[in-house]
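Q: this is a predicted model, with the sequence first.
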Amino acid sequence: MQSYEYKTRGTCSRYITFETDGKIVKNVVFNGGCNGNTQGISKLVEGMEVKKVIDLLDGIDCNGRGTSCPAQLAQALKEVL
């Protein structure tokens, strides 16, 4: 497993830490953002395939910002691939 830290853009969360072996997502933690929602996202994607997480979360918008905490996780995973 490789650990990553991704600085988010356009969201309340400041950065996301996570691990992946290139196929599976593990240990996702958002720093900042809506605490309950980001904890929920983290639990839901735990053990999921990277591509599936990207497909599910990419393009989600938060209040017209053009991005969201879930979309930023998708972006981070795209950059890792």
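A: Perfect, I can see it now. Owing to the predicted nature of the structure, the values given are computational and were not obtained by experimental measurement.
Q: enumerate every residue touching Gly32.
A: Applying Cβ atoms under 8 Å, 6 or more residues apart in numbering, one finds that Gly32 lies in contact with 11-15. No exception for glycine: its C-beta is placed from N, CA and C like everyone else's.
Q: how about the strands in this protein?
A: If DSSP state E is used as the criterion, the strands of the chain fall at 2-7, 13-20, 25-32.
Q: want to throw those into CSV with mean pLDDT and distance to Val53?
A: Rendered in CSV, the data for the strands of the chain read as follows (pLDDT from 0 to 100; distance: least, Cβ to Cβ, whole Å):
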stretch, mean pLDDT, distance to Val53
strand 2-7, 98, 13
strand 13-20, 98, 9
strand 25-32, 98, 5
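Q: possible to save those strands as CSV with distance to Ala71?
A: Below are the strands of the chain laid out as CSV (distance: least, Cβ to Cβ, whole Å):
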stretch, distance to Ala71
strand 2-7, 12
strand 13-20, 11
strand 25-32, 12
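Q: closest to Asp61 out of those strands?
A: strand 13-20 (14.8 Å; Cβ to Cβ).
Q: against Arg14, how distant is the residue of the chain most remote from its centre?
A: Distance to the chain centre peaks in the chain at Gly64, reaching 18.4 Å (criterion: Cα atoms, centre = their mean). Distance, Gly64 to Arg14, using Cβ to Cβ, to the nearest Å: 20 Å.
Q: what is the burial count for Lys78?
A: Neighbour count for Lys78, taken as other Cβ atoms under 10 Å: 12.
Q: can you pull the contacts of it?
A: Contacts for Lys78 were tallied using Cβ under 8 Å, 6+ apart; they are 54, 58.
Q: give me the pLDDT for it.
A: For Lys78, the model assigns a pLDDT of 97.
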